[in-house]
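**Q** need a 3D model of the following:
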Amino acid sequence: MKQKQSPKTFPEALKQCRLDKDWTFKQMATITGVAASTLHRIENAKANPTDRTVHKLKKALPQLSEMAVALKGTSL
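**A** Down below sits the predicted model:
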């Protein structure tokens, strides 16, 4: 069985949270209140989330905050 690697970046952590819940971008958008296109750009490191977006994501995905603690130099 393949062991899951810890995310090293915020986009990786966001993607891991989404995949762990087996959500599509559309489902995650509905739950978090962040547009699916924005989530996609963040996951693909093509956009940085605003403070407001990070707040929405943390509120909907508490495990994202927990993962961020493990990320070097990252705080959410």
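
**Q** element containing Leu64, please.
**A** According to DSSP states H and E, Leu64 maps onto helix 62-70.

**Q** swap in Thr30?
**A** Using DSSP H and E, Thr30 falls in helix 25-32.

**Q** and for that helix, what's in contact with it?
**A** Outside of helix 25-32, the residues within contact range by C-beta atoms under 8 Å, 6 or more residues apart in numbering are 18, 21, 23, 34-36, 38-40, 56-57, 59-61. (Each C-beta comes from the backbone N, C-alpha and C, glycine too.)

**Q** can you turn the buried part of the residues you listed into a ChimeraX selection?
**A** One line in ChimeraX is enough to select the buried ones among the contacts of helix 25-32; burial here means 16 or more other C-beta atoms under 10 Å:
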select :18,23,34,38,39,56,57,61
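
**Q** which one of the contacts of helix 25-32 is nearest Asn48?
**A** For Asn48, the nearest member of the contacts of helix 25-32 is Thr38. The distance, counting by C-beta to C-beta, is 10.6 Å.

**Q** report pLDDT for the spatially most central residue of the chain.
**A** Among the residues of the chain, Leu14 comes closest to the average C-alpha position under C-alpha atoms, centre = their mean, at 1.8 Å. The pLDDT attached to Leu14 in the predicted structure is 94.

**Q** cool, and the one 5 residues further on?
**A** In the predicted model, Leu19 carries a pLDDT score of 94.

**Q** contacts only, for it.
**A** Contact partners of Leu19, counting by C-beta under 8 Å, 6+ apart, are absent.

**Q** related to what we said a few turns ago, buried residues, the helix holding Thr30. List them.
**A** Using 16+ other C-beta under 10 Å as the burial criterion, the residues of helix 25-32 that qualify are 25, 28-29, 32.

**Q** after it, next one along is what?
**A** helix 36-43.

**Q** low-confidence ranges in the protein?
**A** 1-4, 68-76 (pLDDT under 70).

**Q** hmm, 90 instead?
**A** Using pLDDT under 90 as the threshold, the predicted model of the chain has low-confidence ranges 1-10, 62-76.

**Q** correct me, but Ala13 touches Glu66?
**A** No. With contacts counted by C-beta atoms under 8 Å, Ala13 stays clear of Glu66, the gap being 9.3 Å.
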